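Could you work out the structure for the sequence below:
(one chain, ligands or ions: 1)
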Amino acid sequence: MAEKKRLLQILDLVKMLPRSNCKECGLPTCMAFATHVLREGAKPELCPYWQPEDLAFVKESLNAQGEDTAYPDHLFSARKFVQGKIKDYDFSEVSERIGARFEPGASGEDCLIINLLERLYCVSKADVEAVDGADHDLWDHVLLYNYVAENGGREPTGEWVPMESLPGSLAKRKAFVRGCEDKIAAAYTGKPEELRAALEVLKADFPELESNAEVAAVFHPLPKIPFQMLFWDADPDDGFPAQIKVLFDETVLDYLDIESLVFLGEKCAERLLELQ
Ligand code: SF4
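Numbers count the residues shown, from 1 in each chain. Model (predicted):
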């Protein structure tokens with residue numbers, strides 16, 4: 001057992017784990033699990049193979065170290081669950097359906113390169129890595145795995161629909177407005193040109209649309225999921241705040257479930273705010 005007075009290190013945890021890399025915790029190796037426990041607040045109990053006294057010691061030490069839990073347990077469970085869904089997928093077949101690039105791996109670790117908001121991620125059955133090594137989080141993993149798990153469907157048709165017309169959206173619409181549309185509208189109030197510039201970074205097109213919106217853009221947060229984003233700036237004379245409305249291709253739920261779509265909207269807002 002590790003020395004009690006010293007701060008726990010990753011190797012301390014690895015020494016206590018079986019080092020079998022069995023992946024039952026949802027991570028590819030015991031080392032990766034130990035890193036997630038210490039750096040990202042993963043619950044140690046997610047590995048079922050601790051010696052009870054080691055687990056008790058680790059929990060006590062983490063409490064003493066004042067570790068915050070960065071991710072809720074259900075997020076790790078969600079990733080594990082969705083990893084289970086894709087375990088038998090043939091990535092070489094999936095890639096075309098979801099607009100990803102297939103990269104065969106040396107030891108069976110095939111990878112899908114997926115563009116999420118103009119950042120590339122390498123998604124293997126074991127883990128997700130940002131191609132440029134940039135910071136990303138477990139929420140991104142779950143989103144990307146869900147996108148892979150849906151395994152595509154009809155090609156986008158160009159028929160735009162509002163969220164409220166999607167099945168199962170009733171309870172989710174508010175979360176989408178709050179987490180995506182309202183955030184972007186507030187951040188870009190009085191700045192339509194800045195919004196346009198940020199959308200250009202996301203490789204948006206600005207088609208002629210039958211709309212009086214000041215900015216009307218189409219971009220792809222994920223390869224087969226286009227968003228049509230409309231922006232009306234605030235009208236101080238009439239007291240109207242700025243407004244954003246996002247429309248989806250009618251096929252959107254072939255590519256992502258409604259909850260993940262809400263999360264994708266939040267990611268869009270986060271990215272557009274970063275680009276200010
Ligand atoms: S479940 Fe435990 S033994 Fe298996 S890989 Fe994860 S940390 Fe290692």
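
pretty sure residue 102 is in a strand, no?
Yes: Residue 102: assigned to a strand according to DSSP: H, G, I helix; E, B strand; the rest coil.

which residues touch the residue of the stretch 101-250 of the chain at minimum distance from the ligand?
At 10.2 Å from the ligand, residue 126 is the closest residue in the stretch 101-250 of the chain, using C-beta to the nearest ligand atom. To be clear about C-beta, it is placed using only N, CA and C from the backbone, and glycine gets the same treatment. By C-beta atoms under 8 Å, 6 or more residues apart in numbering, the residues touching residue 126 are 23, 27, 28, 83, 109.

any idea how far the third one is from residue 254?
Going from residue 28 to residue 254 by C-beta to C-beta, to the nearest Å gives 29 Å.

Which positions in the stretch 51-200 of the chain make contact with the ligand?
Residues of the stretch 51-200 of the chain lying close to the ligand by C-beta under 6 Å from any ligand atom: none are found.

Any stretches of the stretch 51-200 of the chain with poor pLDDT?
Counting by pLDDT under 70, the ranges of the stretch 51-200 of the chain that qualify are 65-74, 106-108, 135.

need the contact list for residue 139.
75, 263.

Next, it: secondary structure please.
Assigned with three-state DSSP, residue 139 falls in the helix class.

Figure out how far stretch 169-189 is from the centre of its chain.
Its chain's average C-alpha position is 17 Å from that of stretch 169-189, according to C-alpha atoms, centre = their mean, to the nearest Å.

what do you get for stretch 46-56?
Taking C-alpha atoms, centre = their mean, the mean C-alpha location of stretch 46-56 is offset from the chain mean by 30 Å.

Repeat that for stretch 156-169.
Counting by C-alpha atoms, centre = their mean, stretch 156-169 comes out at 21 Å from the chain centroid.

can you pull the alpha-carbon coordinates of that stretch into PDB?
Provided in PDB are the C-alpha atoms of stretch 156-169 (Å, rounded to 0.1, in the frame of the first residue of the first chain):
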ATOM      1  CA  PRO A 156     -29.300  14.800 -45.500                       C
ATOM      2  CA  THR A 157     -32.100  16.000 -47.800                       C
ATOM      3  CA  GLY A 158     -31.800  19.800 -47.400                       C
ATOM      4  CA  GLU A 159     -35.300  20.000 -45.900                       C
ATOM      5  CA  TRP A 160     -35.000  22.200 -42.800                       C
ATOM      6  CA  VAL A 161     -37.100  21.600 -39.700                       C
ATOM      7  CA  PRO A 162     -37.300  23.200 -36.300                       C
ATOM      8  CA  MET A 163     -36.400  21.200 -33.200                       C
ATOM      9  CA  GLU A 164     -40.000  21.300 -32.000                       C
ATOM     10  CA  SER A 165     -41.000  19.200 -35.000                       C
ATOM     11  CA  LEU A 166     -38.600  16.400 -34.100                       C
ATOM     12  CA  PRO A 167     -40.100  13.400 -32.200                       C
ATOM     13  CA  GLY A 168     -39.200  13.400 -28.500                       C
ATOM     14  CA  SER A 169     -38.100  17.100 -28.500                       C
END
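
burial of the nearest residue to residue 150 once chain neighbours are set aside, as a residue count?
Spatial nearest neighbour of residue 150, excluding adjacent residues (C-beta to C-beta, 6 or more residues apart in numbering): residue 255 at 5.4 Å. Neighbour count for residue 255, taken as other C-beta atoms under 10 Å: 26.
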